[in-house]
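Visitor: got a sequence here, can you model it:
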Amino acid sequence: MLGWIGGQLPWWITGPGVGLCVVALYGLINARLGVSGAWLATLAPAEGWRPEPWRRTFLLALVGGAALAAVLGPPVSLHGYGRLSEVLPPVALVPVLLLVGVALGYGARWAGGCTSGHGMSGCAAGSPDSVVTTATFFTVAVAVTLILHALTGGRL
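Guide: Below you'll find the predicted structure:
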């Protein structure tokens, strides 16, 4: 609305910025950066455990930062889910997105973290588990994309 923030920061600013956040978390509190850990910290009281308070703050900062960027940046326009929105009607798209969301959440919990946690923090720390997990994430993503492309005759 106010136009104070451009549409997107360049990669050469955001990449080192995220890297510095990963290093700062390790250096200051010996913790890994990951979004699924922040989400689990929000659900923690229902599961009966007390997480580190910074994880909930991190999740609130992600949501608050996005809201602030929407207010201070260029006008927000929603474009749906790209080609998937063009191929699937809303009646089919909603269940597909719900199923994929549940699968992603289950996979992140099963893998002990999400792509951001394993890819940025785990790989940066030299964790063999994170390297294998990140390679698996990307391999499955490429395979599913190729399979969908083949099954839909190139429409997806």
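
Visitor: so, low pLDDT: which residues of this protein?
Guide: 1-7, 78 (pLDDT under 70).

Visitor: can you give the domain ranges for it?
Guide: Listed domain ranges for the chain are 1-77, 80-156 (source: automatic domain parsing).

Visitor: just put the ones you listed in TSV and tack on mean neighbour count.
Guide: C-beta: built from backbone N, CA, C; applies to glycine. TSV is the format used below for the domains of the chain (neighbours: other C-beta atoms under 10 Å):
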stretch	mean neighbour count
domain 1-77	13
domain 80-156	14
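
Visitor: would you map the helices across the chain?
Guide: Taking DSSP state H as the test, the helices found in the chain are 11-29, 35-47, 53-72, 83-87, 90-110, 115-116, 123-124, 128-151.

Visitor: skipping adjacent residues, who's closest to residue 111 in space?
Guide: Excluding its sequence neighbours, the residue lying closest to residue 111 (C-beta to C-beta, 6 or more residues apart in numbering) is residue 133, at 5.1 Å.
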